[in-house]
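Visitor: Curious how this folds, go ahead:
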Amino acid sequence: MESITIEILNPKVKRLLQNLADLNLIAISQNEATSEDLKQWDLLTKEQQEGIFDAIESVKSGKGKPHNEVMDKLKKIYK
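Guide: As a prediction, this is how the structure comes out:
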C-alpha cells in the first residue's frame with residue numbers, strides 16, 4: 001500500500017476525498033505532526049525509533065491487546 005501526505009486547501013477537495021473513503025477506494029488517516037513532534041522524534045535513538053516501528057507493525061498484525069483489557073489488568077495490580 002502506498003501512502004502520501006497532502007495538505008487540503010479547498011473544502012470541496014476534502015469532501016471529495018471523504019466520498020472516496022466512504023466508497024472504500026482510499027483510506028484516510030489524520031496526522032497533525034508539528035515541528036515540535038518532529039524535533040522530539042529526531043531526539044530518539046535509532047533503536048528507539050525502530051522499537052516504535054516494530055510495535056506499530058505488531059499491533060497492525062493483530063498482536064496487540066485491547067486498551068480496556070490492559071487497563072483492567074493494571075488496575076488489579078495497582079489497587
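Visitor: Could you use CA atoms for every contact and neighbour count after this?
Guide: OK.
Visitor: What about Lys75, how many residues nearby?
Guide: By the criterion of other CA atoms under 10 Å, Lys75 has 9 neighbours.
Visitor: Please state the offset of the helix or strand where it lies from the chain centre?
Guide: Here Lys75 sits within helix 67-77, counting by DSSP states H and E. With CA atoms, centre = their mean, to the nearest Å as the basis, helix 67-77 stands 22 Å off its chain's centre.
Visitor: CA atoms only: put that helix into PDB for me.
Guide: Only the C-alpha atoms of helix 67-77 are listed here, as PDB (Å, rounded to 0.1, in the frame of the first residue of the first chain):
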ATOM      1  CA  HIS A  67      -6.900  -0.900  25.800                       C
ATOM      2  CA  ASN A  68      -9.600  -2.000  28.300                       C
ATOM      3  CA  GLU A  69      -8.000  -5.400  28.800                       C
ATOM      4  CA  VAL A  70      -4.600  -3.900  29.600                       C
ATOM      5  CA  MET A  71      -6.200  -1.300  31.900                       C
ATOM      6  CA  ASP A  72      -8.300  -3.900  33.800                       C
ATOM      7  CA  LYS A  73      -5.100  -6.000  34.400                       C
ATOM      8  CA  LEU A  74      -3.100  -2.900  35.600                       C
ATOM      9  CA  LYS A  75      -6.000  -1.800  37.900                       C
ATOM     10  CA  LYS A  76      -5.900  -5.200  39.600                       C
ATOM     11  CA  ILE A  77      -2.200  -5.000  40.100                       C
END
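Visitor: how about that helix: buried residues?
Guide: Neighbour counts over helix 67-77 (16 or more other CA atoms under 10 Å) mark no residue as buried.
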